[in-house]
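**Student:** Build me a model:
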Amino acid sequence: MGTLFLASASPRRRELLAQIGAPFSLISVSVDETPSPTESPEAYVERVARDKALAGLAVLGERDGCVLGADTSVVLDQRILGKPVDRNEGLAMLAALSGRTHRVMTAVALASRSACEARVVISEVTFRSIDEAEAERYWNSGEPLDKAGGYAIQGWGAAFVSQLHGSYSAVVGLPLCETTQLLDVFALPRWTKGSR
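**Tutor:** Predicted structure coming up:
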């Protein structure tokens with residue numbers, strides 16, 4: 001069986017991969033995550049996930065292994081909401097999401113020397129109404145700063161979610177059902193006790 005490398009700095013993705021007992025090592029990559037004006041949000045997340053996996057292969061050099069890359073975008077009215085750059089943008093995102101349904105698109109890609117397979121998972125998340133004072137308190141907690149869409153469903157931001165249709169793990173950052181399917185395609189181990 002091959003060696004799995006995760007091309008992600010996200011602690012959430014590390015926790016999710018460990019949850020399915022997949023042994024892995026971390027690898028650091030840098031890719032251009034700027035959306036093209038002509039790119040759909042679905043095509044964007046798939047491209048970035050593939051780019052991360054392929055960049056990881058390049059970093060491996062002669063070493064053998066497979067690289068997993070992933071990307072998550074919060075999409076409202078076909079507009080990608082990235083990580084808020086400051087307080088004003090963070091509060092504007094929460095106001096835009098308040099009382100509405102948005103989509104969370106997560107792509108996962110697994111690359112080896114001979115192939116690169118990807119899956120895109122789209123989930124729908126509905127927020128209850130959020131008043132300004134509560135949005136301010138949430139922003140001041142520090143949690144929204146490095147999160148796509150300015151919230152964390154696995155953290156305090158869960159208090160805003162009234163409905164979720166789709167994959168919870170994909171909204172957090174890694175769709176475990178589809179990731180498991182890719183690991184199986186590439187004959188990579190999972191459900192191994194030593195990886196917990």
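**Student:** So which bits of the longest helix anywhere in the chain are buried?
**Tutor:** Ordering each helix of the chain by length in residues (DSSP state H) puts helix 41-60 first. Across helix 41-60, burial judged by 16 or more other Cβ atoms under 10 Å covers 41, 44-57, 60. C-beta: built from backbone N, CA, C; applies to glycine.
**Student:** Then stretch 146-163?
**Tutor:** 147-153, 157, 160.
**Student:** Identify, from those, the entry nearest to Leu76.
**Tutor:** For those, the minimum distance to Leu76 (Cβ to Cβ) is 8.0 Å, reached by Gly149.
**Student:** how close does the closest residue to Glu178 other than its chain neighbours get to Met105?
**Tutor:** Distances taken as Cβ to Cβ, 6 or more residues apart in numbering put Arg119 closest to Glu178, at 4.1 Å, once the chain neighbours are dropped. Distance, Arg119 to Met105, by Cβ to Cβ, to the nearest Å: 11 Å.
**Student:** For the residue nearest to Glu178, grab the count of nearby residues.
**Tutor:** Residues near Arg119, counting by other Cβ atoms under 10 Å, number 19.
**Student:** That one contacts Ala107, correct?
**Tutor:** Yes: judged on Cβ atoms under 8 Å, Arg119 makes contact with Ala107 at a distance of 6.9 Å.
**Student:** show me where pLDDT drops low in this protein?
**Tutor:** 1, 194-196 (pLDDT under 70).
**Student:** residue boundaries of the helices in it?
**Tutor:** So, for the chain - with DSSP H - the helices run 11-19, 41-60, 87-97, 132-140, 168-172, 176-185.
**Student:** Any chance of JSON lines for those, columns distance to Thr126?
**Tutor:** Shown next, in JSON lines, are these (distance: least, Cβ to Cβ, whole Å):
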{"stretch": "helix 11-19", "distance to Thr126": "21"}
{"stretch": "helix 41-60", "distance to Thr126": "18"}
{"stretch": "helix 87-97", "distance to Thr126": "9"}
{"stretch": "helix 132-140", "distance to Thr126": "17"}
{"stretch": "helix 168-172", "distance to Thr126": "12"}
{"stretch": "helix 176-185", "distance to Thr126": "21"}
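**Student:** on that earlier part again, can you name the residues bridging to the residue nearest to Glu178?
**Tutor:** Taking DSSP bridges, one obtains Val108 as the residues bridged to Arg119.
**Student:** that older thread, what is the nearest of the buried residues of helix 41-60 to Ala111?
**Tutor:** The closest of those, once distances to Ala111 are taken by Cβ to Cβ, is Ala53, at 3.8 Å.
**Student:** From Thr3, how far off is that closest one?
**Tutor:** 14 Å.
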